[in-house]
Each structure stands twice: as structure tokens, then as C-alpha cells.
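Q: Got a sequence here, can you model it:
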Amino acid sequence: MFANFLIGLREGLEASLVVGILVAYLVKTDRRDQLPKVWWGVGLAVTISIAFGAALTFGPRGLTFEAQEAIGGTLSIVAVGFVTWMVFWMAEQARNIKGELETRIDSTAGGVGLVVLALLAVGREGLETALFLWAATRATGDTLAPLLGALLGLVVAVVLGVLVYRGALRLDLRKFFTWTGGFLVVVAAGVVSYGVHDLQEAAILPGLHNVAFDVSGTIPPGSWYGTLLKGTVNFNPRTTWLQLVCWLLYLVPTMTLFIIRVRRPSGPVTSTPVAATPDQTHPSPTITEGHPA
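A: Next up, the predicted model:
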């Protein structure tokens, strides 16, 4: 449940900050008449994300067991690809996201352009969240707790986003995305292992019965600590050799590259200067860009 809470929190906060930046910039530049277009884009993005999640959940039903496992395993690997790209992208862009969005607004003629900008900015987070949550939910074998965790994370993210927008909270994006990114790399490694197991059960990959270790007697899947490990890092007490190898091949190089990236000195922050107008009701979102721990 905690892993899904973190996914909802991270992705939801990113989307909330994007919306907050868009709204604050339009208010600051006296373009309030364009705000409904942003909300239209946000609404479309949420609708598409929910529809995508429903299609993932109910689409494979009625298929054979092997077909369901093949689809589940393939989409789990795809989900890991998306979340890995997202983790590294945010490690790179956390300092510059505000200036980048403001530049895009200035280059947009308004009208449909703003709807599309909000749709793409929020929709990307929504689709990534739906896909990765679906994969993580399959990996844990539960449905209610992961969804509740993700929903709670989204609610907290929205609250934090509003506080940042109102100027009541200062948020160091680099530290936040560094710590959550590192944990999500570990979670993604578990999803890789589960996806490989699905593909083994679908007879697409070999080695289903070549077990590397089986600690089910020491860590029963139904125990509280077994459930905790399963829900946080997708630990499987009975793991095949191919699962273990793929887990290591993903986790070790990905975590190494991530640590190198977040510890590398960043260039100067780029931002688009904005002249304050007399009708500046809300300040821009208060975001600090400290250095990673």
C-alpha cells in the first residue's frame, strides 16, 4: 500500500505543480480568461486516465490464463520503462520545469493550444500512474489496499499542490524527487521480477520451475511482514533464477545511474522573467531547487 501511496503522491504532486504553475502564470500575466481552457485540459486528462485504467483492469477478462499472463507481463515491463523514464526526467527537469512551462504558454496562441498543453502535461502523469498502479496491483495480488493507497497519495498531492500555489508551503523539488525516485527504482525492480514471472507462466520465457530460492517457510506470503515486503518492494518469497537475474540487471545499473545523475552538479536554473501586474491575486508556486542529498 505504501508503494502505491508514493506513486500517487509523486505523480499527483507533479501534476498539481504543473497545473499550479499554469494557473499562476496566467493570473500573473492578466490572462484569467484563459483559465477555463486549462481546466478543460485537466478534465480531459483525468477522464482519459480513468478510462485507460478501466481498460487495463477489465479488458483482459475472458481471455485464457496464458493470454492474461502474457498481457500482464508485457504491460508490467512497459510500465517499468515509463516509470524509469519519469524518474530520470524529473531528476533532470525539477529545477527548470517552471520556466519551461511558462515558455510553452507564451508560445501558445491560446484557445485549443492551452487545452492541449494542460491535457498533455497532466495526461502524461495520469497515464503513467494508471499503468504503473495496475502493474503494481497485479504484483501484490490485492486490489483494494493498493487503490486506497494511491487515492490517499493523490489526495495528499492535491493538498500539497494547493498549499504550494497559495504560498503556504515551500517545497524543495530536487530532494523530494530524489528520495521518491530512488524508492521507485526499487519498486520498479520488483515489477520487473513479477512481469518476468508472468511471461514465464505464459510460456513465453523459460525457467518457471528453476527456483533460485524459496523462503516461503521463513517469510509466509500471508504474514504481516510478508505482506509488507510484497506491498512495498514486490518481494516474492519464491523467486526463479530468471526473475532474480532480471531484477539485478535492472536494479544495479539503474540505481547506479540514478545516484550518479542526482549527485552531478546541475546547471543554472532557467526561468522566464514575468513582470508583475497590479492584479496579481496569487503568487507563483513557491518552489525551491536545493541540491540533492
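Q: Now name the helix or strand holding A15.
A: helix 2-28 (DSSP states H and E).
Q: packing partners for that helix?
A: helix 35-58, helix 97-107, helix 112-140, helix 144-166, helix 173-201, helix 224-233 (3 or more C-beta pairs under 8 Å, 6 or more residues apart in numbering; DSSP states H and E). (Glycine included, C-beta is placed from N, CA and C.)
Q: Which pLDDT does the model give I77?
A: Per-residue confidence at I77 stands at 91 (pLDDT).
Q: before we move on, the earlier item: so how far is the helix holding A15 from its chain's centroid?
A: Centroid separation between helix 2-28 and its chain, computed with C-alpha atoms, centre = their mean, to the nearest Å, is 11 Å.
Q: average pLDDT for that helix?
A: 81.
Q: What of stretch 44-57?
A: 86.
Q: neighbouring contacts of it?
A: 75, 115, 118-123, 126-127, 129-131, 133-134 (C-beta atoms under 8 Å, 6 or more residues apart in numbering).
Q: Please apply the same query to stretch 239-252.
A: Outside stretch 239-252, the residues that reach it (C-beta under 8 Å, 6+ apart) are 80, 185-186, 188-190, 192-193, 196-197, 200, 205-214, 236.
Q: if you set the cut-off to 7 Å instead, what comes out?
A: Stretch 239-252 is contacted by residues 185-186, 189, 192-193, 196-197, 200, 205, 207-208, 210-213 when judged by C-beta atoms under 7 Å, 6 or more residues apart in numbering.
Q: same check, this time on stretch 199-215
A: Applying C-beta under 7 Å, 6+ apart, the contact partners of stretch 199-215 are 66, 69-70, 73, 196, 237-242, 244.
Q: end to end, how far does that stretch reach?
A: 22 Å (C-alpha to C-alpha, to the nearest Å).
Q: Equivalent analysis for stretch 104-121, please.
A: 11 Å.
Q: got the buried residues for it?
A: 104-105, 108, 113-115, 117-119, 121 (16 or more other C-beta atoms under 10 Å).
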